[in-house]
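> Fold the stuff below for me.
(2 chains)
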Amino acid sequence: MSSLLEVCSVDELEPGSCRIVDWDGDQIGVFNCDGEILAMEDRCSHDGAPLAEGVLDPESCTIECPRHGAIFDLRTGIPTTLPAYIPVETFPVVVEDGLIKIEVD
Amino acid sequence: MATPDQTRVPLTSEEEGLKDLNADYTERYGFHDAENYLFKAPKGLTRELVEKISEFKNEPQWMREFRLKSLDHFLAREMPTWGSPMLAEVDFDNIHYFVRASEKPERSWDDVPEDVKKTFDRLGIPEAERSFLAGVGAQYESEVVYHQVNKDLEDQGVIFLDMDSALRDHEDLVREYFATIIPANDNKLASLNSAVWSGGSFVYVPPGVQVEMPLQAYFRINTENMGQFERTIIIADEGSYVHYVEGCTAPTYSSDSLHSAVVELIAKPGARIRYTTVQNWSQNVFNLVTKRAVAEKDATVEWVDCNLGSKLTMKYPSVYLMGERAHGEILSIAFAGKGQHQDAGGKIVHVAPNTTSNIFAKSISKDGGRSSYRGLLEVAKGAVGSKSKVVCDALLLDEDSRSDTYPTIRIGEDNVDVGHEATVSKVGDEQLFYLMSHGIDEEEAGKLIVNGFIEPIVKELPMEYAVEMNRLIELQMEGSIG
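Numbering: from 1, shown residues only, chains lettered A, B, ... in the order given. Model prediction:
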C-alpha cells in the first residue's frame, strides 16, 4: 500500500537544488532538474555514500556520487558509469496544491 | 637463505650487480635528449593551465568543462591514506603538467623531430613496428609524436588513433564512452588525469574483425619532473579481437616524475581484449594508474601486467563481468628491487550469472624492495554459477625484502565457486644446492628458480616481449644470490 510523503512547497525547491527527506529510517533525495522534480534513494549502490551531497547536473538530470564519481540517471536510478552497477530506487513524484509529495510503499 | 653474517661478502657482488643494472638502464633507457620543445608549462597545476591545455588542443566545450570539473574534484579530494607510505612523497607542485614536443602526430618516422626520432630508434620502436606490429603509437612527454596503423586494418574500419586526434575526428564515439568506465571523480589520481589528460590511444575494432598482430603504444618521458597523463579507450565491438601492448621508459634523474594514466576497456558481446603492459619506468617515477574494463555477454578481457620499474607503482587493473558467461583474467608480475615498492594486483567483479575469472599474481622482492598484492574479488547478488580462482605467490630473495598480501573477497551469492591461494617463499639453500649439485653455478641457479617462478605468466607475453622480460629479469637478478 503506497502513501504520499510530503517534502516541501514547490517554491522551496529551486532549480538545481535538492532536499533530503527521511522515510522509515531511509533517506530519499528530491531534486529539481530545471523544473522537473525527481526523487531517488539517497544511497549509492556502490558503497552507500550519500548521493545528494554529490554534484547535480540539471541538464542531463544526473547526480554524481561524491565518493567514487559514479553517475546516476535521476529519472531511472540506473548508473551511467562504473564503479556502480546496481540501480538505485526511484520514487514517483506528485505535486498537489503547490506541495511536492513522493509516493512511497 | 644466507644468514646476515654470510651475506656480508656477497653484498659486494650484489652492489656490483646493481651498479651494472643502473649502468645498463642509463645506456638503454635512462638517457635524455636536449629539450627543443614547442611549449613547456612551468611547474605546478592551475586552472589557467587546464584551460590552456584545452585551448591548445582546440577541444569542444564539453571536454573543457569536464577538465575543469575534474580539477575541482582533484583539489577537493585528499590523497589516499592506504597503499604505500611513499605516496606522501608525491609533490604535485614540482611537476610539469604539459610539455609539447612536436606539432602533431606524424605518420612517417622521417617527419618526427630528429631528437625524438633518435630516441625511439634507440628504443627499437620502428624496428619492432616493421617486424611484428599492426600499429604503433609513440608518445613523447605529453603528446603522441608518431602514429600509424596497417592499411588493411584501416580498410576494415579499425580506428587506432592518439586520443587527441580521436576526439577531433570521432567526437561522438569518444563522447559516448569517455569516462563511463572510470568517472572523473573515481579517485584523486583519476581526477588529476581527467583534468590534464593528454595523449594515449583510442582503439575501435568493428564487429567480427580480428586484429591478429598486436597494436603497440610506447610512452617515453624525457624531461625531469615530468607529469605524463595519457588517456586510453579500447572498444572491441561484437565478436572482435584485439591485443594492445604498451611499454614505457624514462631517464634516470635524482628528482621525481609522475605518470598517472587512465585506461578504459569495453569488450562488447563475444569480443576479446588482451592488454599487455611492460612497465619499466626509471626509479624516479611515481606510477599511479587506474585501469578498468567491462566485459559484456560472452566477452573476455585479459590484463597481462608486468611491473619492473618505477619508484612506486599503485595499479590494480579490474574487470567488471557485466554479461552472462563473460570471462576476466588478470596476470600480474611485480619485481621490486632496492628503493622500489610495487603495490599491484587486480580486481574482478562478477555482476552477471555464470561468469568466470582468474587472478594470478607473482611478485619477487630483493635488496630491500617491497611488493604488495592488493586485490578484490566480488560476486554480486544474482551472479549465480560464477567461478573464480585467485592465486598470489611471492618470492623473497633476501631477508631485507618485504612482501604483503591484501586480498578482499566479497560474496553476495550462494551458488558460486571461489578459491583463493597465497604463498610466500624464499629462494632456499636447498633449492640452490640441488641445482648446483647438477653442475649449475650459483648465479645461474638463482635465475633458473626465478624464471621458473614467473614462467606461467611470461609465457603469455608475445615472444618478443617474453624475451625482453626475461632479459630484464636476468639483469635485475645479477649478483642477487649469494
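> which residue does the stretch 101-250 of chain B bring closest to chain A?
residue B:185 (3.0 Å; C-beta to the nearest C-beta). Backbone N, C-alpha and C define where each C-beta goes, glycine included.
> That residue contacts residue A:71, correct?
No: using C-beta atoms under 8 Å, residue B:185 is not in contact with residue A:71, being 9.1 Å away.
> circling back: and the residue of the stretch 101-250 of chain B closest to chain A, backbone torsions?
phi -110, psi 30 (degrees, to the nearest 10).
> From residue B:74, how far off is it?
9 Å (C-beta to C-beta, to the nearest Å).
> Now do the shared contacts for the two.
Residues within reach of residue B:185 and of residue B:74 at once, by C-beta atoms under 8 Å, 6 or more residues apart in numbering or on different chains, are residue B:191.
> just the residues of chain A that are near chain B, which are they?
A:55, A:64-66, A:68-71, A:80-83, A:85-86 (C-beta under 8 Å from any C-beta of the partner chain).
> Identify those among these that sit within strands.
A:55, A:64, A:71 (DSSP state E).
> I'd like these as a markdown table, with pLDDT and neighbour count appended.
Below are these laid out as a markdown table (pLDDT from 0 to 100; neighbours: other C-beta atoms under 10 Å in any protein chain shown):
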| residue | pLDDT | neighbour count |
| --- | --- | --- |
| A:55 | 93 | 16 |
| A:64 | 97 | 23 |
| A:71 | 97 | 23 |
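> Pick out whichever of the residues of chain A next to chain B sits closest to chain B.
Chain B has its nearest neighbour among the residues of chain A next to chain B in residue A:69, at 3.0 Å by C-beta to the nearest C-beta.
> Without its sequence neighbours, what residue ends up closest to the closest one?
residue B:185 (3.0 Å; C-beta to C-beta, 6 or more residues apart in numbering or on different chains).
> now swap in residue B:24 and tell me
Residue B:24's closest residue in space is residue B:475 (C-beta to C-beta, 6+ apart), at 6.0 Å.
> Helix or strand: which one has the one you found?
Using DSSP states H and E, residue B:475 sits within helix B:463-477.
> Check which residues of that helix are buried.
If you call a residue buried by 16 or more other C-beta atoms under 10 Å in any protein chain shown, then helix B:463-477 has these buried ones: B:464-466, B:468-470, B:472-473, B:476-477.
> From the residues you listed, pick the one nearest chain A.
residue B:465 (29.0 Å).
> Neighbours of the residue lying closest to that closest one once chain neighbours are set aside, how many?
Counting by C-beta to C-beta, 6+ apart, residue B:465 lies nearest to residue B:278, which is 5.7 Å off, once chain neighbours are set aside. Around residue B:278 sit 23 other residues, with neighbours defined as other C-beta atoms under 10 Å in any protein chain shown.
> Now the spatially most central residue of chain A: phi and psi?
Compute the mean C-alpha point of chain A, and by C-alpha atoms, centre = their mean the closest residue is residue A:40, 3.1 Å away. Phi and psi for residue A:40, reported as degrees, to the nearest 10, are phi -150, psi 150.
> so how far is chain A from the residue nearest to the spatial centre of chain B?
Of all residues in chain B, the one closest to the mean position by C-alpha atoms, centre = their mean is residue B:277, 4.7 Å from it. Distance of residue B:277 to chain A, computed by C-beta to the nearest C-beta, to the nearest Å: 20 Å.
> what does the model give residue B:444 for pLDDT?
Residue B:444 is assigned a pLDDT of 86 by the prediction.
> Point out the other helices and strands that the helix or strand where it lies packs with.
Assessed by DSSP H and E, residue B:444 sits inside helix B:442-458. Counting contacts by 3 or more C-beta pairs under 8 Å, 6 or more residues apart in numbering or on different chains; DSSP states H and E, helix B:442-458 packs against strand B:327-336, strand B:356-365, strand B:387-396, helix B:429-436, helix B:463-477.
> Need the winner for burial among those.
strand B:327-336 (a mean of 26; mean count of other C-beta atoms under 10 Å in any protein chain shown).
> where does the stretch 351-482 of chain B have low pLDDT?
Judged by pLDDT under 70, the stretch 351-482 of chain B has its weakly predicted residues at B:478-482.
> list the contacts for the residue of it found nearest chain A?
Proximity of the stretch 351-482 of chain B to chain A (C-beta to the nearest C-beta) peaks at residue B:351, 5.3 Å away. By C-beta under 8 Å, 6+ apart, the contact list for residue B:351 reads A:85, B:320-322, B:380, B:382-383.
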